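Chemist: A predicted structure for the sequence below; I have some questions about it.
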Amino acid sequence: MNEWTIAIIKVVFIWSWTLLIATIMTWVERRGSALIQDRLGPNIAGPFGLFQPLADGIKLFTKEEFAPKHAHKILFTLGPVLFAIQAFSAYAVIPFGDKIVINAKEIVLQVADVNIGFLFVLAVGSLAVYGFVVGGWGSNNKYSLLGGLRATAQLLSYEVPLGLAMLAVCMTYGSFSLREISLDQAGTFLGFLPNWGIFKQPLGFLVFIVAAYAEANRVPFDLPEAESELVAGYHTEYGGMRLGLYLFGEYVNLYTLSALMVTIYFGAWHIPYVDMSSYLGPLAYGIVSFLVFFLKCAFFLWLFVWVRWTIPRFRFDQLMGLGWKSLIPLGLLNLFVTAFLIQITV
Amino acid sequence: MTPGTFLPSDYLPIMVMLIFATGFGVVTLWVGRYFRLRRPYAEKLEAYESGNPPSPPPRFRFSIKFYLIAILFVVFDVEAIFLYPWALVYDKIGIFAVVEMFLFIFLLLVGYAYAWRKEALEWEK
């Protein structure tokens, strides 16, 4: 197998894996919501309603698709496609395990280990704005336009604290490569704490997770589609597979953000105090590192659902206030503290 | 990471990923055309406004605040761009570059305080 075959296999694997996770997430979200609200949730299609995502998919796929009379036909279709493109390509630089050895060939479990991984994630993540604003504008509907505008303002505002939090991580690890940052998180520091980002950047993590929820358009920050104010926000006029792309992209984004949080703050595939590679064979180690990484992601995916039914929605002025008046000063403070700590320890 | 290790071929898998991502979006919309009904009628094609006849025009004037946010974002994001290379080599550069960068951030904070004072960060009074 040459490099190209391996690269394509990895792309196909991670692409179908994110697709699968996004599909399962729609089920987890509905069952999880039901669990928290003491309801049953979807339970007809298959055992525990497990085939519900499949039924939903078929329904969205075969549903009538039309653009409203006054909509801009090209932009109306372009919006969801742009959103899906950014959602599915953001995972390219995030690792999904350490490395696996097959036929004495070492394969790194990451699509592309580029030295600017951080910047790539930020750049691609910010393209989501285009999906919202193009769709919202193209719909030519008041609620859609307002939703699109809100999405723009919100995503732009929260990109700044997100960038500031990641900046402090870069200073701590001295690298933009997500694989190098993951490798650096093995072992312990100060004698007992695992060498994880969360212990080195607790304030940074707080800023990051709040900004991540806003970037993902999740409750408590789902103002662009606040159904009590804007019908459905930027996707008011959407139906069928165009809507499906928006919904799917959202879950793929959740997975990407969870994986990013695990990679930079929760020690990627490392288990604290245990060096797995010394106990397991190279093949088993690759699989276990993938599973450990995924289990950590699964926790954060569940956290998205959990938070959704715990915290009520913000008002729009509160949302902007939180971003500009709390998170940005906190992010800068975190930067100063990190800079100071590095100066006194180096 | 050492300087001069940049290889464009590192980025080729990302291109493959982009092709897959675009393919997913385009193919699902395009293939679905052959499975769908199409029965449009006048009411269905109206813009949705909770059942009322849509009142023109949908592209109204919106708050200037959105424009302010965009300007503020440009200022702060450009700041972050300048900070990235600095953060990468932070533990290798001397105290001089550190002080210089903090001067830069301080200048930005003056602008930030001005924006706050002028209530550019307030959404609605």
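Modeler: Yep, it's here. Numbers count the residues shown, from 1 in each chain, chains lettered A, B, ... in the order given.
Chemist: ok now do the residue in the stretch 201-346 of chain A positioned nearest to chain B, which residues does it touch?
Modeler: Of all residues in the stretch 201-346 of chain A, residue A:317 sits closest to chain B, at 3.4 Å by C-beta to the nearest C-beta. In short, each C-beta sits where N, CA and C put it, glycine included. Taking C-beta atoms under 8 Å, 6 or more residues apart in numbering or on different chains, we find residue A:317 in contact with B:122, B:123, B:124.
Chemist: Leaving out the residues flanking it, which one is nearest to the spatially most central residue of chain B?
Modeler: Among the residues of chain B, the one closest to the centroid is residue B:73, at 9.2 Å (C-alpha atoms, centre = their mean). Leaving aside its sequence neighbours, residue B:73 sits nearest to residue A:156 (C-beta to C-beta, 6 or more residues apart in numbering or on different chains; 4.2 Å).
Chemist: tell me the contacts of the one you found?
Modeler: Residue A:156 neighbours (C-beta under 8 Å, 6+ apart): A:129, B:69, B:70, B:73.
Chemist: out of the residues you listed, who has the most neighbours?
Modeler: For these, the largest number of neighbours (other C-beta atoms under 10 Å in any protein chain shown) sits with residue B:69, at 23 neighbours.
Chemist: Assess the claim that that residue and residue A:153 are in contact.
Modeler: Yes - using C-beta atoms under 8 Å, residue B:69 is in contact with residue A:153, at 4.8 Å.
Chemist: overlap in contacts of those two?
Modeler: With C-beta under 8 Å, 6+ apart, residue B:69 and residue A:153 have common neighbours residue A:320.
Chemist: returning to that earlier point: show me what secondary structure element comes after the host helix or strand of the residue of the stretch 201-346 of chain A closest to chain B.
Modeler: Using DSSP states H and E, residue A:317 sits in helix A:316-321. Going down the chain from helix A:316-321, the next helix or strand is helix A:328-345, by DSSP H and E.
Chemist: Buried residues, that following helix. List them.
Modeler: Neighbour counts over helix A:328-345 (16 or more other C-beta atoms under 10 Å in any protein chain shown) mark A:328, A:329, A:330, A:331, A:332, A:334, A:335, A:338, A:339, A:342 as buried.
Chemist: Please see if that helix touches chain B.
Modeler: Yes - looking at helix A:328-345 against chain B by C-beta under 8 Å from any C-beta of the partner chain, the contacts come from A:328, A:332, A:335, A:336, A:339, A:342, A:343.
Chemist: about what we covered before: for the residue of the stretch 201-346 of chain A closest to chain B, give its distance to residue B:103.
Modeler: 33 Å (C-beta to C-beta, to the nearest Å).
Chemist: contacting residues for residue 10?
Modeler: Assuming you mean chain A. When contacts are counted by C-beta under 8 Å, 6+ apart, residue A:10 touches A:107, A:109, A:110, A:111, B:13.
Chemist: ah, no, chain B please
Modeler: Contacts of residue B:10 by C-beta under 8 Å, 6+ apart are A:112, A:113, A:114, A:115.
Chemist: near chain B, from the residues you listed?
Modeler: Okay, of the contacts of residue B:10 touching chain B (C-beta under 8 Å from any C-beta), that's A:112, A:113, A:114, A:115.
Chemist: got the angle between the host helix or strand of residue B:110 and helix A:328-345?
Modeler: Taking DSSP H and E as the definition, one finds residue B:110 inside helix B:95-117. Angle, helix B:95-117 to helix A:328-345, by axes from the mean of the first three to the mean of the last three C-alpha atoms, to 10 degrees: 160 degrees.
Chemist: what about helix B:95-117 and chain A, any contact?
Modeler: Yes - if you take C-beta under 8 Å from any C-beta as the test, helix B:95-117 does meet chain A, through B:95, B:98, B:102, B:105, B:109, B:112, B:116.
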